[in-house]
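[1] Sequence first, then the predicted structure:
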Amino acid sequence: MTSNSENPLAGYEPAESQGSKLIRKSRESPFVPVGIAGFAAVVAYGLYKLKHRGDTKMSVHLIHMRVAAQGFVVGAMTCGVLYSMYREYWAKPKP
C-alpha cells in the first residue's frame, strides 16, 4: 500500500445550506421570492374564499385558484427573464 500525503478532501467544499442557497438565488434573480410569495398569497386567498364560494362547485373554484396561482408564477418568471435580459444586454457597460 502506498501512502499518499495529499489531503483527499482538499477540493471538497461543504454543501450549502437551504437558507443561504435561497438568499443567493434571490440575489441572482429577485423575482423568485416574488413568485413564491404571490403563489402563497393566491393559495391563502383561495383557502379563505373557499368558505364563501356560494353555489360554485368545488372543482370550478379549485380550477380558478390553480389558474390564478399559475398565472402569478408565470408572470413573475416573465418579469424575471425580462429583468435579466435588461441587465445582460442593455444595462451592461460598454467595454
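    Yep, that arrived. Numbers count the residues shown, from 1 in each chain.

[2] so how far is the helix or strand Val81 falls within off the chain centroid?
    In the assignment (DSSP states H and E), Val81 maps to helix 58-85. In terms of C-alpha atoms, centre = their mean, to the nearest Å, the centre of helix 58-85 is set 12 Å apart from its chain centre.

[3] Tell me which other helices or strands that helix touches.
    On a contact count with 3 or more C-beta pairs under 8 Å, 6 or more residues apart in numbering; DSSP states H and E, helix 58-85 meets helix 31-49. Any C-beta I mention is one placed from the backbone N, CA and C, and that applies to glycine too.

[4] Report the distance from the helix it packs on to the chain centre.
    Helix 31-49 has its C-alpha centroid displaced from the chain centroid by 12 Å (C-alpha atoms, centre = their mean).

[5] could you dump that helix to CSV, C-alpha only?
    Coordinates of the C-alpha atoms in helix 31-49 are reproduced here as CSV (Å, rounded to 0.1, in the frame of the first residue of the first chain):
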residue,chain,number,x,y,z
PHE,A,31,-38.3,37.7,-8.9
VAL,A,32,-38.1,34.1,-7.5
PRO,A,33,-39.2,35.2,-4.0
VAL,A,34,-41.8,37.4,-5.6
GLY,A,35,-43.2,34.4,-7.4
ILE,A,36,-43.1,32.3,-4.3
ALA,A,37,-44.9,35.0,-2.2
GLY,A,38,-47.5,35.6,-4.9
PHE,A,39,-48.2,31.9,-5.2
ALA,A,40,-48.6,31.6,-1.4
ALA,A,41,-50.9,34.7,-1.4
VAL,A,42,-53.2,33.3,-4.1
VAL,A,43,-53.4,29.9,-2.3
ALA,A,44,-54.2,31.7,1.0
TYR,A,45,-56.8,33.8,-0.7
GLY,A,46,-58.3,30.7,-2.3
LEU,A,47,-58.5,28.9,1.0
TYR,A,48,-60.1,31.9,2.6
LYS,A,49,-62.7,32.2,-0.2
